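Colleague: 3D model of this:
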Amino acid sequence: MKNLAKLSAMALTSAIAMSPAMGQCGSKCTSRCKVRCGVSATKCGAKCGAKCGAKCGAKCGAKCGAKCGAKCGAKCGAKCGAKCGANADAAVIQRPANYTPAYTADPVMIAAGKKIFENTSLSSNGMSCATCHTAGEGYQNTFAQPFPHFVQMAKSVYGLDQVHLDEAVQMCMANPMATEPFAWDDKDLQNLAAYVQSEQIKFANK
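Modeller: Next up is the predicted model:
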């Protein structure tokens, strides 16, 4: 009888140790994780890792897209490619020494700038400024502030705390339009900056 009692006690101890209800998922995490493991599905997912990871599906992609979008600004997250989050050379987009901007509120400059704004041939990937900023959309709230001001893309990609309007234009040429910025004496840059300035005034007055 004593031996039988010992064997029964050992069997009970072993069963308790192997029970998944103790909060340990082990290696058999399934869709019934909450029931099997005795813990919340969220906690079980964290413990089971690879076993549950296959069920992320579209949610994983959505998180990556949002992260990329935050770095690249506006709505171009999916198109920013390898440059997203890159530690790029800020000198590429910064005004050179002794530079004086020539853009004004001249209607002729604004009209010329609008055409450049919509021109996809300027980029290497078929994008234009209007791809991200059609009908005044796609701008961050900071766009309403006087330049120079903080722009998320400038901070994330170039490490700059603020940029001038024409520097923001040059930044968009390099990222996400993936092409060379304008020469600083290029009339297209001045006309485009004039148009973007008119867009900024509209945005600030919404």
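
Colleague: Can you give me the domain assignment for the chain?
Modeller: 2-53, 79-204 (automatic domain parsing).

Colleague: hey, least reliable of those by pLDDT?
Modeller: Mean pLDDT values for the domains of the chain show the minimum at domain 2-53, a mean of 43.

Colleague: First-to-last residue distance for stretch 98-110?
Modeller: Stretch 98-110 has an end-to-end distance of 24 Å (CA to CA, to the nearest Å).

Colleague: Give me the contact list for that stretch.
Modeller: Applying CB atoms under 8 Å, 6 or more residues apart in numbering, the contact partners of stretch 98-110 are 95, 113, 164-166, 184, 190-191, 193-195, 197-198. Where you see a C-beta, it was placed from the backbone N, CA and C, and this is true even at glycine.

Colleague: Among these, which ones are in helices?
Modeller: When DSSP state H is applied, the contacts of stretch 98-110 are split such that G113, L165, D166, Q190, N191, A193, A194, Y195, Q197, S198 fall in helices.

Colleague: Tell me which residues touch the third one, please.
Modeller: By CB under 8 Å, 6+ apart, the contact set of D166 is R95, P101, Y103, L189, Q190, A193.

Colleague: Now with 7 Å, please.
Modeller: P101, Y103, L189, A193 (CB atoms under 7 Å, 6 or more residues apart in numbering).

Colleague: And the last one, by the same measure?
Modeller: With contact taken as CB under 7 Å, 6+ apart, S198 is in contact with A105, I110.

Colleague: can you check the first one too?
Modeller: Applying CB under 7 Å, 6+ apart, one finds that G113 lies in contact with N191, L192, A194, Y195.

Colleague: The second one now?
Modeller: Neighbouring residues of L165 by CB under 7 Å, 6+ apart: F147, A193, V196, Q197.

Colleague: Turn the residues you listed into TSV, columns for neighbour count.
Modeller: Compiled in TSV, the contacts of L165 are given as follows (neighbours: other CB atoms under 10 Å):
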residue	neighbour count
F147	19
A193	26
V196	26
Q197	20
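
Colleague: Distance to C132 added to the contacts of stretch 98-110, as a markdown table?
Modeller: Shown next, in a markdown table, are these (distance: CB to CB, whole Å):
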| residue | distance to C132 |
| --- | --- |
| R95 | 23 |
| G113 | 16 |
| H164 | 19 |
| L165 | 16 |
| D166 | 18 |
| W184 | 23 |
| Q190 | 21 |
| N191 | 19 |
| A193 | 17 |
| A194 | 19 |
| Y195 | 15 |
| Q197 | 17 |
| S198 | 17 |
